[in-house]
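> quick one, what's the 3D model for this:
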Amino acid sequence: MRKANSSWELLALIDCEGGPASCWPFLGHVTQNGYGHIRRGQKKTVKAHRWAYEHFYNQTPQNFYVLHLCDNRLCCNPNHLKLGTHADNMEDMKKKGRNRSLCYETILELRNMGLTQKQIAEKMNCSPHTIWQILKKINA
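Residues are numbered from 1 along each chain as shown. Model (predicted):
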């Protein structure tokens, strides 16, 4: 995982060539659930989109999530980021059909059809790790 001690080092890991309307993907380390992570300073690890929000808006959002309007977890474009609560994030997830509790049956059906976790994740627009977590809970 790369370390960045300044916002300029973070910006070097963001591809913003598509212009102000496009997604600006983070080019550094990506976690299993699809978020860009970067080491800030000696020990603290932060989500890249959160640090990008702090850089572009010059504020550290305490007690708020930084939400993606574009649903691209790697996007660091400040025009695609907004502050919200956990409840806002869950409501957005429901509106866009990403409610895990409503997807159990679909996931089991796809699994019984012989699809791999990776194939199911592609169909459900989420990470294979998310599918694994859901299957683990179903089978518990």
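
> could you find the closest non-adjacent residue to Val46?
The shortest distance from Val46 to any non-neighbouring residue, by C-beta to C-beta, 6 or more residues apart in numbering, is to Arg40 (5.0 Å). The way it works is simple: take the backbone N, C-alpha and C, and place the C-beta from them, glycine included.

> that neighbour reaches Ala48, doesn't it?
No: look at Arg40 against Ala48 with C-beta atoms under 8 Å: they stay out of range, at 9.9 Å.

> neighbour count: those two, which is higher?
Ala48 (26 against 20; other C-beta atoms under 10 Å).

> who's in contact with that one?
Residues near Ala48 by C-beta atoms under 8 Å, 6 or more residues apart in numbering: Leu10, Leu13, Ile14, Phe26, Gly28, Tyr35, Gly36, His37, Ile38, Leu74, Cys76.

> so which of those residues are in strands?
His37, Ile38 (DSSP state E).

> between the contacts of Ala48, which sits nearest Gln117?
The nearest member of those to Gln117, counting by C-beta to C-beta, is Tyr35 at 18.5 Å.

> so which of the contacts of Ala48 is surrounded by the most neighbours?
Cys76 leads the contacts of Ala48 on contacts (other C-beta under 10 Å) with 30 neighbours.

> quick one: mean pLDDT for stretch 125-138?
For stretch 125-138, the mean pLDDT works out to 77.

> flag the shaky bits of this protein, pLDDT-wise.
1-7, 98-103, 138-140 (pLDDT under 70).

> okay, now the domains of the protein?
3-92, 99-138 (automatic domain parsing).
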